[in-house]
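Asker: no letters, just coordinates:
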């Protein structure tokens, strides 16, 4: 292997390193953009759910059912195990 081949190999390796670094940077940028988009959509969905819950509560007030538990509270109570009082 003469000096010219060694220089060519070094240049090829350097070119490949630059290519891979650029590719990784592009991927990181795309993932960051996708991540921000997903977080934004999740926040938007959370806001819409909050608005929906408020609308449901407003309708309940209009119907005179202020004392009723919210649907989410009813679901939570169903998921919790019932405790038994053994001290009696």
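Answerer: Sure thing, it's come through. None of these values were measured; they are calculated from a predicted model. Residues are numbered from 1 along each chain as shown.
Asker: what helix or strand is residue 51 located in?
Answerer: helix 3-63 (DSSP states H and E).
Asker: flag the shaky bits of the chain, pLDDT-wise.
Answerer: Applying pLDDT under 70 to the chain flags the ranges 1-4, 65-88.
Asker: give me the number of residues near residue 56?
Answerer: By the measure other C-beta atoms under 10 Å, the count of residues near residue 56 is 13. In short, each C-beta sits where N, CA and C put it, glycine included.
Asker: identify each buried residue in stretch 40-57, please.
Answerer: Buried positions in stretch 40-57, judged by neighbour count with 16 or more other C-beta atoms under 10 Å: none.
Asker: now do stretch 21-36
Answerer: Under 16+ other C-beta under 10 Å, stretch 21-36 has no buried positions.
Asker: so what touches it?
Answerer: For stretch 21-36, contacts defined as C-beta atoms under 8 Å, 6 or more residues apart in numbering pick out no residues.
Asker: let the chain start at 70 from now.
Answerer: Sure, I'll start numbering at 70, so the last one becomes stretch 90-105.
Asker: neighbours of residue 85, how many?
Answerer: 10.
Asker: what about it, distance to residue 79?
Answerer: Here residue 85 is placed at a distance of 11 Å from residue 79 (C-beta to C-beta, to the nearest Å).
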